[in-house]
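> got a sequence here, can you build the structure:
(one chain, ligands or ions: 1)
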Amino acid sequence: MIDAFSYAGSPARIVFGDGSRSKVAEWIVTAGCKRALVLATPHQRADAEALATEIGSLACGVFTGATMHTPVDVTETAMRMVAETEADCVVSLGGGSTTGLGKAIAYRTDLLQIVVPTTYAGSEVTPILGQTEGGRKTTVRDARILPEIVIYDPTLTHGLPVSMSVTSGLNAMAHAVEGLYARDRNPISTLMALEGLRAFSRSLPKIAEKPNDAGARSDALYGAWLCGTVLGTVGMALHHKICHTLGGSFDTPHAETHAVMLPHTAAFNAKAATAELAPVAKLFAGSIGAGLWDFAKSIGAPLSLKEFGLTEADLDRAASIAVENPYWNPRPIDRDSIRALLQEAWEGRRPA
Ligand code: NAD
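Residues are numbered from 1 along each chain as shown. As a prediction, the model looks like this:
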(Lines give C-alpha, C1' and ligand atoms only; values in the text may rest on other atoms or scores of the structure.)
Protein backbone atom coordinates (compact mmCIF):
# COMPACT_ATOMS: atom_id res chain seq x y z
CA MET A 1 0.00 0.00 0.00
CA ILE A 2 1.40 3.40 -1.01
CA ASP A 3 0.73 6.16 1.52
CA ALA A 4 -0.88 9.35 0.18
CA PHE A 5 1.71 11.82 -1.09
CA SER A 6 2.26 15.03 -3.02
CA TYR A 7 5.26 15.29 -5.36
CA ALA A 8 6.82 18.06 -7.46
CA GLY A 9 9.97 17.25 -9.48
CA SER A 10 12.84 19.76 -9.34
CA PRO A 11 12.96 22.10 -12.38
CA ALA A 12 16.79 22.14 -12.30
CA ARG A 13 18.82 20.83 -15.24
CA ILE A 14 21.38 18.24 -14.11
CA VAL A 15 24.37 17.51 -16.35
CA PHE A 16 26.59 14.67 -15.13
CA GLY A 17 29.77 13.07 -16.42
CA ASP A 18 33.57 13.04 -16.45
CA GLY A 19 34.80 16.11 -18.33
CA SER A 20 31.41 17.86 -18.26
CA ARG A 21 33.03 21.07 -16.94
CA SER A 22 33.92 21.70 -20.59
CA LYS A 23 30.19 22.16 -21.21
CA VAL A 24 29.86 25.26 -18.99
CA ALA A 25 30.16 27.68 -21.95
CA GLU A 26 27.59 25.70 -23.92
CA TRP A 27 25.12 25.92 -21.02
CA ILE A 28 25.70 29.65 -20.56
CA VAL A 29 24.70 30.13 -24.21
CA THR A 30 21.76 27.69 -23.99
CA ALA A 31 20.46 29.66 -21.00
CA GLY A 32 20.56 32.84 -23.12
CA CYS A 33 23.35 34.46 -21.06
CA LYS A 34 26.47 36.31 -22.25
CA ARG A 35 28.35 37.51 -19.15
CA ALA A 36 29.22 34.97 -16.45
CA LEU A 37 30.82 35.91 -13.14
CA VAL A 38 32.81 32.92 -11.86
CA LEU A 39 32.71 32.44 -8.07
CA ALA A 40 35.03 30.44 -5.80
CA THR A 41 36.79 30.46 -2.42
CA PRO A 42 40.34 31.87 -2.19
CA HIS A 43 41.54 28.25 -1.95
CA GLN A 44 40.09 27.42 -5.40
CA ARG A 45 41.21 30.64 -7.11
CA ALA A 46 43.46 28.88 -9.65
CA ASP A 47 40.66 26.47 -10.65
CA ALA A 48 38.21 29.37 -11.00
CA GLU A 49 40.63 31.32 -13.17
CA ALA A 50 41.22 28.24 -15.32
CA LEU A 51 37.47 27.80 -15.72
CA ALA A 52 37.07 31.47 -16.68
CA THR A 53 39.80 31.07 -19.31
CA GLU A 54 38.00 28.00 -20.64
CA ILE A 55 34.70 29.91 -20.82
CA GLY A 56 36.53 32.63 -22.73
CA SER A 57 34.64 35.75 -23.81
CA LEU A 58 31.52 34.58 -21.96
CA ALA A 59 33.31 35.15 -18.63
CA CYS A 60 33.10 38.74 -17.34
CA GLY A 61 35.10 38.26 -14.13
CA VAL A 62 36.24 36.05 -11.26
CA PHE A 63 35.33 36.64 -7.60
CA THR A 64 37.18 34.43 -5.14
CA GLY A 65 35.97 35.74 -1.79
CA ALA A 66 33.41 33.01 -0.99
CA THR A 67 33.65 31.77 2.59
CA MET A 68 31.84 29.58 5.14
CA HIS A 69 28.32 30.55 6.34
CA THR A 70 27.72 33.08 3.49
CA PRO A 71 28.40 36.32 5.42
CA VAL A 72 26.22 39.17 4.10
CA ASP A 73 29.20 41.57 3.82
CA VAL A 74 30.95 39.17 1.42
CA THR A 75 27.75 38.93 -0.61
CA GLU A 76 27.59 42.73 -0.76
CA THR A 77 31.17 42.92 -2.04
CA ALA A 78 30.34 40.32 -4.68
CA MET A 79 27.16 42.23 -5.59
CA ARG A 80 29.28 45.29 -6.38
CA MET A 81 31.31 43.16 -8.77
CA VAL A 82 28.09 41.83 -10.32
CA ALA A 83 27.05 45.43 -11.00
CA GLU A 84 30.48 46.59 -12.26
CA THR A 85 30.87 43.63 -14.63
CA GLU A 86 27.21 43.69 -15.71
CA ALA A 87 27.08 39.95 -15.13
CA ASP A 88 23.91 38.19 -16.31
CA CYS A 89 24.68 34.86 -14.61
CA VAL A 90 27.00 33.33 -12.00
CA VAL A 91 29.05 30.17 -12.27
CA SER A 92 29.78 28.79 -8.78
CA LEU A 93 32.76 26.43 -8.74
CA GLY A 94 33.26 24.72 -5.38
CA GLY A 95 31.51 23.34 -2.32
CA GLY A 96 28.59 24.54 -0.24
CA SER A 97 30.30 27.84 0.66
CA THR A 98 30.70 28.95 -2.95
CA THR A 99 27.25 27.66 -3.90
CA GLY A 100 25.92 29.67 -0.94
CA LEU A 101 27.39 32.89 -2.34
CA GLY A 102 25.89 32.22 -5.79
CA LYS A 103 22.52 31.58 -4.14
CA ALA A 104 22.78 34.79 -2.09
CA ILE A 105 23.41 36.77 -5.30
CA ALA A 106 20.54 35.04 -7.11
CA TYR A 107 18.22 35.67 -4.16
CA ARG A 108 18.91 39.40 -4.50
CA THR A 109 19.03 39.65 -8.31
CA ASP A 110 17.37 36.51 -9.72
CA LEU A 111 20.47 36.00 -11.89
CA LEU A 112 20.76 32.55 -13.42
CA GLN A 113 23.07 30.17 -11.54
CA ILE A 114 25.24 27.43 -12.97
CA VAL A 115 26.90 25.37 -10.22
CA VAL A 116 29.90 23.13 -10.71
CA PRO A 117 30.12 21.27 -7.36
CA THR A 118 33.44 19.98 -6.05
CA THR A 119 32.26 18.49 -2.72
CA TYR A 120 29.32 16.28 -1.73
CA ALA A 121 27.43 18.88 0.38
CA GLY A 122 24.38 18.92 -1.91
CA SER A 123 23.54 22.63 -1.59
CA GLU A 124 23.45 22.99 -5.40
CA VAL A 125 20.10 21.16 -5.62
CA THR A 126 18.24 22.90 -2.79
CA PRO A 127 16.21 26.14 -2.74
CA ILE A 128 17.68 26.89 0.71
CA LEU A 129 20.13 29.66 1.62
CA GLY A 130 21.77 30.05 5.02
CA GLN A 131 23.49 33.42 5.52
CA THR A 132 25.10 35.17 8.48
CA GLU A 133 25.05 38.77 9.64
CA GLY A 134 26.30 40.07 12.98
CA GLY A 135 27.04 36.52 14.12
CA ARG A 136 23.45 35.33 13.47
CA LYS A 137 22.61 32.71 10.88
CA THR A 138 19.24 32.87 9.16
CA THR A 139 17.81 30.50 6.61
CA VAL A 140 15.56 31.36 3.68
CA ARG A 141 13.80 29.12 1.19
CA ASP A 142 12.84 30.69 -2.14
CA ALA A 143 12.43 29.54 -5.75
CA ARG A 144 15.05 32.12 -6.89
CA ILE A 145 17.63 30.35 -4.72
CA LEU A 146 17.48 26.98 -6.50
CA PRO A 147 20.31 26.88 -9.09
CA GLU A 148 18.96 26.40 -12.61
CA ILE A 149 21.85 24.29 -13.97
CA VAL A 150 24.19 21.92 -12.11
CA ILE A 151 27.19 20.45 -13.89
CA TYR A 152 28.57 17.46 -12.00
CA ASP A 153 32.05 16.59 -13.22
CA PRO A 154 33.50 13.81 -11.02
CA THR A 155 37.05 14.54 -12.24
CA LEU A 156 36.91 17.81 -10.27
CA THR A 157 36.55 15.82 -7.04
CA HIS A 158 39.61 13.59 -7.54
CA GLY A 159 41.68 16.12 -5.55
CA LEU A 160 39.18 16.53 -2.71
CA PRO A 161 41.29 15.38 0.28
CA VAL A 162 40.20 12.02 1.74
CA SER A 163 39.27 13.54 5.11
CA MET A 164 36.96 16.07 3.42
CA SER A 165 35.57 13.44 1.05
CA VAL A 166 34.64 11.24 4.00
CA THR A 167 32.99 13.97 6.08
CA SER A 168 31.30 15.58 3.09
CA GLY A 169 29.95 12.15 2.07
CA LEU A 170 28.58 11.47 5.57
CA ASN A 171 27.03 14.98 5.52
CA ALA A 172 25.18 14.01 2.33
CA MET A 173 24.18 10.62 3.77
CA ALA A 174 22.57 12.42 6.72
CA HIS A 175 20.23 14.22 4.28
CA ALA A 176 19.15 10.84 2.92
CA VAL A 177 18.70 9.15 6.31
CA GLU A 178 16.50 11.99 7.54
CA GLY A 179 14.65 12.04 4.21
CA LEU A 180 13.61 8.42 4.72
CA TYR A 181 11.51 9.23 7.79
CA ALA A 182 10.46 12.76 6.78
CA ARG A 183 6.75 13.39 7.28
CA ASP A 184 6.44 14.81 3.75
CA ARG A 185 8.48 12.05 2.05
CA ASN A 186 7.21 10.55 -1.19
CA PRO A 187 8.11 7.38 -3.13
CA ILE A 188 10.61 9.27 -5.32
CA SER A 189 12.43 10.93 -2.40
CA THR A 190 12.69 7.50 -0.75
CA LEU A 191 14.10 5.92 -3.92
CA MET A 192 16.63 8.73 -4.25
CA ALA A 193 17.62 8.51 -0.58
CA LEU A 194 18.23 4.76 -0.70
CA GLU A 195 20.12 4.93 -4.00
CA GLY A 196 22.22 7.80 -2.62
CA LEU A 197 23.07 5.80 0.51
CA ARG A 198 24.00 2.76 -1.59
CA ALA A 199 26.24 4.92 -3.78
CA PHE A 200 28.12 6.31 -0.77
CA SER A 201 28.30 2.98 1.07
CA ARG A 202 30.19 1.45 -1.86
CA SER A 203 32.24 4.49 -2.91
CA LEU A 204 33.56 6.08 0.31
CA PRO A 205 35.62 3.02 1.40
CA LYS A 206 37.20 2.93 -2.08
CA ILE A 207 37.97 6.67 -1.98
CA ALA A 208 39.53 6.29 1.48
CA GLU A 209 41.88 3.71 -0.02
CA LYS A 210 42.48 5.26 -3.43
CA PRO A 211 41.43 8.93 -3.62
CA ASN A 212 41.56 9.18 -7.41
CA ASP A 213 39.54 6.01 -8.11
CA ALA A 214 37.48 7.34 -11.03
CA GLY A 215 34.59 4.89 -10.58
CA ALA A 216 34.26 5.61 -6.86
CA ARG A 217 34.47 9.37 -7.39
CA SER A 218 31.73 9.15 -9.98
CA ASP A 219 29.55 7.04 -7.67
CA ALA A 220 30.05 9.45 -4.76
CA LEU A 221 29.10 12.53 -6.79
CA TYR A 222 26.05 10.67 -8.07
CA GLY A 223 25.19 9.97 -4.41
CA ALA A 224 25.68 13.66 -3.60
CA TRP A 225 23.16 14.68 -6.25
CA LEU A 226 20.61 12.16 -4.95
CA CYS A 227 21.06 12.97 -1.25
CA GLY A 228 21.12 16.72 -1.92
CA THR A 229 17.89 16.46 -3.89
CA VAL A 230 16.28 14.72 -0.93
CA LEU A 231 17.41 17.60 1.31
CA GLY A 232 15.87 20.09 -1.11
CA THR A 233 12.59 18.20 -1.36
CA VAL A 234 11.51 17.03 2.10
CA GLY A 235 11.76 18.29 5.68
CA MET A 236 14.67 17.42 7.93
CA ALA A 237 14.43 16.42 11.61
CA LEU A 238 16.46 16.05 14.81
CA HIS A 239 19.80 15.36 13.16
CA HIS A 240 19.79 18.61 11.18
CA LYS A 241 18.45 20.56 14.15
CA ILE A 242 21.33 19.38 16.34
CA CYS A 243 23.95 20.03 13.64
CA HIS A 244 22.57 23.55 13.02
CA THR A 245 22.65 24.18 16.77
CA LEU A 246 26.25 23.01 17.12
CA GLY A 247 27.45 24.82 14.00
CA GLY A 248 25.44 27.98 14.66
CA SER A 249 26.09 28.44 18.38
CA PHE A 250 29.45 26.70 18.89
CA ASP A 251 31.03 27.14 15.45
CA THR A 252 31.78 23.44 15.03
CA PRO A 253 32.93 22.45 11.51
CA HIS A 254 29.94 21.78 9.23
CA ALA A 255 30.55 18.44 7.50
CA GLU A 256 32.52 16.98 10.43
CA THR A 257 29.66 17.69 12.84
CA HIS A 258 27.22 15.87 10.56
CA ALA A 259 29.68 12.96 10.33
CA VAL A 260 29.97 12.60 14.13
CA MET A 261 26.26 13.01 14.82
CA LEU A 262 24.79 10.75 12.12
CA PRO A 263 25.20 7.33 13.84
CA HIS A 264 23.82 8.77 17.09
CA THR A 265 20.77 10.53 15.67
CA ALA A 266 20.01 7.51 13.46
CA ALA A 267 20.23 5.20 16.50
CA PHE A 268 18.02 7.61 18.46
CA ASN A 269 15.30 7.39 15.80
CA ALA A 270 15.80 3.70 14.93
CA LYS A 271 12.88 2.35 16.95
CA ALA A 272 10.47 5.15 16.00
CA ALA A 273 11.16 4.68 12.28
CA THR A 274 12.00 0.97 12.12
CA ALA A 275 10.29 0.22 8.82
CA GLU A 276 11.62 3.36 7.09
CA LEU A 277 15.18 2.71 8.25
CA ALA A 278 15.18 -1.07 7.71
CA PRO A 279 16.89 -0.84 4.27
CA VAL A 280 19.63 1.32 5.82
CA ALA A 281 20.18 -1.16 8.63
CA LYS A 282 20.50 -3.87 5.98
CA LEU A 283 23.09 -1.80 4.13
CA PHE A 284 25.15 -1.30 7.31
CA ALA A 285 25.53 -4.79 8.78
CA GLY A 286 22.04 -5.06 10.22
CA SER A 287 22.27 -2.24 12.75
CA ILE A 288 21.52 1.36 11.95
CA GLY A 289 23.46 3.21 14.69
CA ALA A 290 26.33 0.78 15.30
CA GLY A 291 26.51 -0.06 11.59
CA LEU A 292 26.85 3.58 10.57
CA TRP A 293 29.39 4.18 13.38
CA ASP A 294 31.51 1.19 12.23
CA PHE A 295 31.27 2.47 8.65
CA ALA A 296 32.35 5.99 9.67
CA LYS A 297 35.25 4.58 11.72
CA SER A 298 36.39 2.31 8.90
CA ILE A 299 36.75 5.28 6.53
CA GLY A 300 38.58 7.44 9.06
CA ALA A 301 35.80 9.90 9.95
CA PRO A 302 35.95 11.90 13.19
CA LEU A 303 33.92 10.10 15.86
CA SER A 304 33.53 12.49 18.79
CA LEU A 305 32.32 16.06 19.39
CA LYS A 306 35.16 16.37 21.92
CA GLU A 307 37.56 16.61 18.97
CA PHE A 308 36.03 19.99 18.06
CA GLY A 309 36.88 21.54 21.45
CA LEU A 310 33.34 21.38 22.86
CA THR A 311 33.05 21.10 26.65
CA GLU A 312 30.41 19.27 28.69
CA ALA A 313 29.00 22.67 29.72
CA ASP A 314 28.53 23.42 26.01
CA LEU A 315 26.47 20.23 25.76
CA ASP A 316 24.09 21.50 28.45
CA ARG A 317 23.52 24.69 26.50
CA ALA A 318 23.31 22.88 23.14
CA ALA A 319 20.63 20.52 24.51
CA SER A 320 18.55 23.48 25.67
CA ILE A 321 18.89 25.30 22.32
CA ALA A 322 18.12 22.14 20.32
CA VAL A 323 14.78 21.61 22.07
CA GLU A 324 13.69 25.25 21.54
CA ASN A 325 11.56 25.43 18.36
CA PRO A 326 12.30 21.79 17.58
CA TYR A 327 11.88 20.35 14.08
CA TRP A 328 9.35 17.54 13.78
CA ASN A 329 11.03 14.21 14.63
CA PRO A 330 9.72 10.62 14.44
CA ARG A 331 10.66 10.05 18.10
CA PRO A 332 9.42 12.72 20.49
CA ILE A 333 12.30 14.62 22.06
CA ASP A 334 12.91 16.17 25.45
CA ARG A 335 15.90 17.95 26.90
CA ASP A 336 17.19 14.98 28.92
CA SER A 337 17.17 12.55 26.02
CA ILE A 338 18.94 15.10 23.77
CA ARG A 339 21.52 15.82 26.48
CA ALA A 340 22.20 12.07 26.78
CA LEU A 341 22.47 11.75 23.00
CA LEU A 342 24.98 14.63 22.90
CA GLN A 343 27.02 13.02 25.68
CA GLU A 344 27.34 9.78 23.66
CA ALA A 345 28.42 11.74 20.59
CA TRP A 346 30.82 13.89 22.64
CA GLU A 347 32.52 10.81 24.07
CA GLY A 348 32.49 9.11 20.66
CA ARG A 349 30.82 5.96 22.00
CA ARG A 350 29.60 3.30 19.58
CA PRO A 351 25.78 3.38 19.65
CA ALA A 352 24.21 0.17 20.98
P1 NAD B 1 33.14 24.33 1.67
O2 NAD B 1 32.44 24.75 0.44
O3 NAD B 1 33.20 25.31 2.80
O4 NAD B 1 34.61 23.90 1.27
C5 NAD B 1 35.62 23.75 2.26
C6 NAD B 1 37.00 24.04 1.64
O7 NAD B 1 37.32 23.01 0.70
C8 NAD B 1 37.03 25.35 0.86
O9 NAD B 1 38.25 25.98 1.09
C10 NAD B 1 36.93 24.89 -0.58
O11 NAD B 1 37.50 25.80 -1.49
C12 NAD B 1 37.70 23.59 -0.53
N13 NAD B 1 37.34 22.64 -1.61
C14 NAD B 1 36.11 22.42 -2.11
N15 NAD B 1 36.18 21.48 -3.07
C16 NAD B 1 37.47 21.09 -3.16
C17 NAD B 1 38.16 20.14 -3.97
N18 NAD B 1 37.52 19.35 -4.85
N19 NAD B 1 39.48 20.00 -3.79
C20 NAD B 1 40.15 20.74 -2.87
N21 NAD B 1 39.54 21.66 -2.07
C22 NAD B 1 38.23 21.83 -2.21
O23 NAD B 1 32.57 22.96 2.28
P24 NAD B 1 31.19 22.20 2.08
O25 NAD B 1 31.14 21.17 3.13
O26 NAD B 1 31.01 21.78 0.66
O27 NAD B 1 30.09 23.31 2.35
C28 NAD B 1 29.75 23.71 3.66
C29 NAD B 1 28.81 24.88 3.61
O30 NAD B 1 27.70 24.58 2.78
C31 NAD B 1 28.22 25.23 4.97
O32 NAD B 1 28.23 26.64 5.13
C33 NAD B 1 26.81 24.69 4.91
O34 NAD B 1 25.93 25.40 5.75
C35 NAD B 1 26.48 24.86 3.45
N36 NAD B 1 25.43 23.93 2.97
C37 NAD B 1 24.26 24.47 2.57
C38 NAD B 1 23.25 23.64 2.10
C39 NAD B 1 21.96 24.25 1.65
O40 NAD B 1 21.11 23.54 1.13
N41 NAD B 1 21.78 25.53 1.80
C42 NAD B 1 23.44 22.25 2.03
C43 NAD B 1 24.66 21.73 2.44
C44 NAD B 1 25.68 22.58 2.90
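
> please report phi then psi for residue 330.
Per-residue torsions, residue 330: phi -60, psi -30 (degrees, to the nearest 10).

> could you count how many residues lie near the spatially closest residue to residue 118 that is not a sequence neighbour?
Among residues not flanking residue 118 along the chain, residue 156 sits closest, at 4.9 Å (Cβ to Cβ, 6 or more residues apart in numbering). In this view, the C-beta of every residue, glycine as well, is placed from N, C-alpha and C. Residues near residue 156, counting by other Cβ atoms under 10 Å, number 24.

> wasn't residue 156 part of a strand?
No. Counting by DSSP: H, G, I helix; E, B strand; the rest coil, residue 156 is not part of a strand but helix.

> pretty sure it sits against residue 115.
No. Residue 156 is not in contact with residue 115 according to Cβ atoms under 8 Å; the separation is 11.6 Å.

> SS state for residue 246?
helix.

> what about it, neighbour count?
With other Cβ under 10 Å as criterion, residue 246 counts 27.

> before we move on, what about residue 210?
Residues near residue 210, counting by other Cβ under 10 Å, number 12.

> who are the contact partners of it?
Residue 210 makes contact with residue 216 under the criterion Cβ atoms under 8 Å, 6 or more residues apart in numbering.

> so it versus the ligand, what's the distance?
16 Å (Cβ to the nearest ligand atom, to the nearest Å).

> would you map the helices across the stretch 1-150 of the chain?
Remark: helices assigned in the stretch 1-150 of the chain by DSSP state H, counting those that start in this stretch are 24-30, 45-55, 72-85, 96-109.

> can I get those in a markdown table including mean pLDDT, distance to residue 61 and mean neighbour count?
Compiled in a markdown table, these are given as follows (pLDDT from 0 to 100; distance: least, Cβ to Cβ, whole Å; neighbours: other Cβ atoms under 10 Å):
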| stretch | mean pLDDT | distance to residue 61 | mean neighbour count |
| --- | --- | --- | --- |
| helix 24-30 | 98 | 14 | 17 |
| helix 45-55 | 98 | 8 | 17 |
| helix 72-85 | 98 | 4 | 16 |
| helix 96-109 | 98 | 13 | 25 |
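
> and these: which comes nearest the ligand?
Closest to the ligand of the helices of the stretch 1-150 of the chain, according to Cβ to the nearest ligand atom: helix 96-109, at 1.9 Å.

> possible to save the helices of the stretch 1-150 of the chain as JSON lines with distance to the ligand?
Below are the helices of the stretch 1-150 of the chain laid out as JSON lines (distance: least, Cβ to the nearest ligand atom, whole Å):
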{"stretch": "helix 24-30", "distance to the ligand": "16"}
{"stretch": "helix 45-55", "distance to the ligand": "8"}
{"stretch": "helix 72-85", "distance to the ligand": "12"}
{"stretch": "helix 96-109", "distance to the ligand": "2"}
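
> contact residues of the stretch 101-250 of the chain facing the ligand?
Within the stretch 101-250 of the chain, the positions lying close to the ligand (Cβ under 6 Å from any ligand atom) are 118-119, 121-123, 126, 128-130, 156-157, 159-160, 168, 231.

> could I have the buried ones of those residues as ChimeraX selection syntax?
Listed next is the ChimeraX selection for buried residues among those, using 16 or more other Cβ atoms under 10 Å:
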select :118,119,121,122,123,126,128,129,130,156,157,160,168,231
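
> list the residues that contact residue 115.
Counted by Cβ under 8 Å, 6+ apart, residue 115 has contacts 91, 92, 99, 102, 124, 147, 149, 150, 151.

> against residue 95, how distant is it?
Relative to residue 95, residue 115 is positioned 10 Å away (Cβ to Cβ, to the nearest Å).

> over to residue 286?
33 Å.

> and these two? Which one has more around it.
Per other Cβ under 10 Å, whichever of residue 286 and residue 95 has more neighbours is residue 95, with 28 against 10.

> so what's the nearest residue to the more buried one once chain neighbours are set aside scoring on pLDDT?
Spatially, and ignoring its direct neighbours in sequence, residue 95 is nearest to residue 119 (3.5 Å; Cβ to Cβ, 6+ apart). In this model, residue 119 is scored at 98, pLDDT.

> which ones are touching residue 119?
Per Cβ under 8 Å, 6+ apart, neighbours of residue 119: 94, 95, 96, 157, 160, 164, 168, 224, 255.

> tell me which of these is nearest to residue 322?
The closest of the contacts of residue 119 to residue 322 turns out to be residue 255 (Cβ to Cβ; 19.0 Å).

> thinking again about what came up before, tell me which of the contacts of residue 115 fall in strands.
Those of those mapping onto strands are 91, 92, 149, 150, 151, per DSSP state E.

> roughly how far apart are the third one and residue 29?
What that stands for is residue 149. In terms of Cβ to Cβ, residue 149 sits 12 Å off from residue 29.

> about what we covered before: got phi/psi on the residue nearest to residue 95?
The phi/psi pair for residue 119 (degrees, to the nearest 10) is phi -130, psi -170.

> what residues are up against residue 277?
177, 180, 181, 266, 269, 270, 288.

> ok, of those, which one's closest to the ligand?
Using Cβ to the nearest ligand atom, residue 177 is the member of those that lies nearest the ligand, at 14.6 Å.

> in which helix or strand does the closest one reside?
helix 162-180 (DSSP states H and E).

> got the angle for that helix vs helix 96-109?
In terms of direction (axes from the mean of the first three to the mean of the last three Cα atoms, to 10 degrees), helix 162-180 departs from helix 96-109 by 60 degrees.
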